[in-house]
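J.: sequence first, then the predicted structure, then my questions.
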Amino acid sequence: MKHDIIIIGAGPAGLSFAREMAETGLNIVLLEKQPKSVLANPPYDGREIALTHLSRKIMGDLGMWDLVPNEKISLIKTAKVLNGSSPYALSFDHEEAGEETLGFMISNNQIRKAAYESLAGYKNIHILSEKEVSTLGTDQEKGWVELSSGERLEALLIIAADSRFSATRRMMGISTSMLDFGRTCIVCTMSAELPHHETAYECFHFDRTLAVLPLNNNQVSIVITLGSEESAQVLEMSKEAFAADIERRFEGRLGTMKLTSELFPYPLVATFAKTFCANRFALIGDAAVGMHPVTAHGFNLGLRGAHTLAKEIKNALQTGSDYASQTVLQRYSNAHRRASAPLFHGTNALVKLYTKDTPAAKFVRRTLLRVGNRLKPAKRLIMNQLTENKAA
Ligand SMILES: Cc1cc2nc3c(=O)[nH]c(=O)nc-3n(C[C@H](O)[C@H](O)[C@H](O)COP(=O)(O)OP(=O)(O)OC[C@H]3O[C@@H](n4cnc5c(N)ncnc54)[C@H](O)[C@@H]3O)c2cc1C
């Protein structure tokens, strides 16, 4: 069967891109291996996504923001970065940024749910669930995919949004830089005794990092990164022992804490594809750039990339040119690489610096926090990057 665009993967990036394209009237098919019941009601996966002002704007324009119930959106008004056991913090505040909030927190499953619901009523968008791509290819005129069920679909353009471990990226021969940190990220939610005052903390301890992010009802999202061997021990801990350990590592800043979800582990592997496009084929979301979660940019970048690609395709449609041409796709690839490469490499350098415990690394860490606080232009630059408020 012939379509205009095939999107592989109905994760948040694939769904957002489909919504970006919905009003063009193009015939679009989204292929997803999970069942429709999961797309309609994705289960909680522990990820609480910190969203920038730019993401808020894009989600608003796509009608996704209003589909998230208000009580499911939390605000980050202040952010503090702590180094080791020092009480000195690099601080950012929403008032300094001239904004009502530095950023927003919405759980990953709520974002997926809203993105899925935003496609309701578009007759030109066909979501085919429980379909797994087993092979694909492209030539000068078209692309095709074959499903594990044996079906074959064709389209003028194929978009891969099938995660950082994208199998279709590999099938198209696109090589990818992979940085396996040999570490694991564990996420969960906890309730706190003392008010968090909508403050996010990033604590760079020497053996692990601990992020404590504010959620509504005085809950917090906990993000720990640690050695994979140690993570196996943490996952075995009783609820009480885990809570007591976090309380101690967080030095009692929020009083007594209680675990309110299960613990969700994620392997820490960052990926950056060598190119984001090939003949009649493009990568979006984590399939293009899989970020380390410490700077909370993964989905923000995914959304931005989907928006950039959609804009290039819409421009081509307006001028009547081939929207799947190499020129169009290369323009997207170049623009999105310019936006994401500094964040990707900067994040990885930060992770390396803050997990080393050599005297030189400790000195640089201390100095960076103090310089960051005192050098106003540098601070403003970091704040603009983190909040993307100037890009919105
Ligand atoms: C612990 C953690 C915390 C994070 N925190 C933040 C944050 O604060 N801010 C932020 O912006 N980002 C954050 N992220 C990143 C964010 O979660 C990801 O960037 C985002 O979920 C990626 O979406 P995606 O649609 O590209 O990929 P995915 O969510 O991986 O979706 C891929 C989809 O493709 C489907 N699929 C895969 N292969 C096939 C196939 N062969 N055929 C059919 N379907 C297929 C899968 O079933 C899935 O539905 C975090 C990530 C982690 C792990």
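T.: Yep, that arrived. Numbering: from 1, shown residues only.

J.: which stretches of the stretch 151-300 of the chain have low pLDDT?
T.: For the stretch 151-300 of the chain, the stretches with pLDDT under 70 are 206.

J.: in stretch 246-254, which residues are buried?
T.: Neighbour-count burial for stretch 246-254 flags 246-247, 249-250, 253-254 (criterion: 16 or more other Cβ atoms under 10 Å). (Each C-beta comes from the backbone N, C-alpha and C, glycine too.)

J.: so in terms of bridging, what pairs with the residue nearest to residue 173 when sequence neighbours are not counted?
T.: Once flanking residues are discounted, residue 173 sits nearest to residue 278: 7.4 Å by Cβ to Cβ, 6 or more residues apart in numbering. When bridges are called by DSSP bridges, residue 278 pairs up with residue 281.

J.: for residue 278, give me its contacts.
T.: For residue 278, the contact set (Cβ atoms under 8 Å, 6 or more residues apart in numbering) comprises 138, 172-174, 329.

J.: mind checking which of the buried residues of stretch 246-254 are in strands?
T.: Taking DSSP state E, every one of the buried residues of stretch 246-254 sits outside strands.

J.: now those residues in TSV, with distance to residue 238?
T.: Shown next, in TSV, are the buried residues of stretch 246-254 (distance: Cβ to Cβ, whole Å):
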residue	distance to residue 238
246	13
247	14
249	17
250	18
253	23
254	20
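
J.: can you tell me which of these are in helices?
T.: 246-247, 249 (DSSP state H).

J.: quick one: which two of the buried residues of stretch 246-254 are the most distant?
T.: Pairwise distances across the buried residues of stretch 246-254 (Cβ to Cβ) peak at 11.6 Å, for the pair 249 and 254.

J.: average pLDDT for the longest helix belonging to the chain?
T.: As assigned by DSSP H, the longest helix anywhere in the chain is helix 326-355. The pLDDT scores in helix 326-355 average 90.

J.: tell me which residues of that helix are tucked away?
T.: For helix 326-355, burial by neighbour count (16+ other Cβ under 10 Å) applies to 328-329, 331-333, 335-337, 339-340, 343-344, 347-348, 350-351, 354-355.

J.: quick one: residues contacting residue 303.
T.: Residue 303 makes contact with 12-13, 16, 54-55, 58-59, according to Cβ under 8 Å, 6+ apart.

J.: no wait, residue 289
T.: Going by Cβ under 8 Å, 6+ apart, residue 289 touches 271-273, 298, 301-302, 305, 336, 340, 344.

J.: which residues does it bridge with?
T.: Beta-bridge pairing for residue 289 (DSSP bridges): residue 272.

J.: which parts of the protein sit against the ligand?
T.: Taking Cβ under 6 Å from any ligand atom as the contact definition, the chain meets the ligand at 8-14, 31-34, 47, 49-50, 108, 132-133, 161-163, 167, 185, 187, 223, 266, 285-286, 293, 296-300, 302.

J.: let's see 5 Å
T.: By Cβ under 5 Å from any ligand atom, the residues of the chain that approach the ligand are 9, 11-13, 31-34, 47, 49-50, 132-133, 162-163, 185, 187, 266, 285-286, 293, 296, 298-300, 302.

J.: all strands for the stretch 1-150 of the chain, in order.
T.: 2-8, 28-31, 48-51, 74-76, 78-83, 89-93, 103-107, 125-128, 133-138, 143-147 (DSSP state E, counting those that start in this stretch).

J.: turn the ones you listed into CSV, columns for mean neighbour count and mean pLDDT.
T.: Below are those laid out as CSV (neighbours: other Cβ atoms under 10 Å; pLDDT from 0 to 100):
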stretch, mean neighbour count, mean pLDDT
strand 2-8, 22, 95
strand 28-31, 24, 98
strand 48-51, 24, 96
strand 74-76, 21, 97
strand 78-83, 21, 86
strand 89-93, 18, 77
strand 103-107, 23, 97
strand 125-128, 18, 97
strand 133-138, 17, 96
strand 143-147, 19, 97
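
J.: can you redo the ones you listed as TSV with distance to residue 67?
T.: Below are the strands of the stretch 1-150 of the chain laid out as TSV (distance: least, Cβ to Cβ, whole Å):
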stretch	distance to residue 67
strand 2-8	20
strand 28-31	17
strand 48-51	14
strand 74-76	17
strand 78-83	27
strand 89-93	29
strand 103-107	11
strand 125-128	16
strand 133-138	28
strand 143-147	29
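
J.: what's the single longest strand in the protein?
T.: The chain, longest strand under DSSP E: strand 176-192.

J.: please identify the buried residues of that one?
T.: Buried residues in strand 176-192, defined by neighbour count with 16+ other Cβ under 10 Å: 176, 179, 181, 183-192.

J.: for these, which one is nearest residue 217?
T.: Residue 217 lies nearest to residue 191 out of those, by Cβ to Cβ, at 7.8 Å.

J.: that closest one and residue 257 touch, don't they?
T.: Yes: contact status for residue 191 versus residue 257: in contact at 6.8 Å, counting by Cβ atoms under 8 Å.

J.: which residues are common contacts for the two?
T.: Taking Cβ under 8 Å, 6+ apart as the criterion, residue 191 and residue 257 both touch residue 220.

J.: residue of the stretch 1-150 of the chain nearest the ligand, please.
T.: With Cβ to the nearest ligand atom as the measure, residue 11 is the residue of the stretch 1-150 of the chain nearest to the ligand, at 2.1 Å.

J.: next, count neighbours for that residue.
T.: Residues lying near residue 11 (other Cβ atoms under 10 Å) number 24.

J.: in contact with it, which residues?
T.: So residue 11 contacts 112, 161-163, 285-286 (Cβ under 8 Å, 6+ apart).

J.: neighbour-wise, which of those residues leads?
T.: residue 161 (31 neighbours).

J.: quick one: residues contacting that residue.
T.: By Cβ under 8 Å, 6+ apart, residue 161 lies in contact with 7-11, 13-14, 17, 283-287.

J.: in the residues you listed, find the pair that's most separated.
T.: Top of the distance list for the contacts of residue 161 (Cβ to Cβ): 10 and 283, 15.6 Å.

J.: between the two, which has more neighbouring residues?
T.: Legend: neighbour count by other Cβ under 10 Å for residue 10 and residue 283, higher for residue 283 (30 against 27).

J.: close enough to count as contact, that one and residue 164?
T.: No: the criterion here is Cβ under 8 Å, and residue 283 misses it with residue 164 at 10.4 Å.

J.: thank you kindly, that will do.
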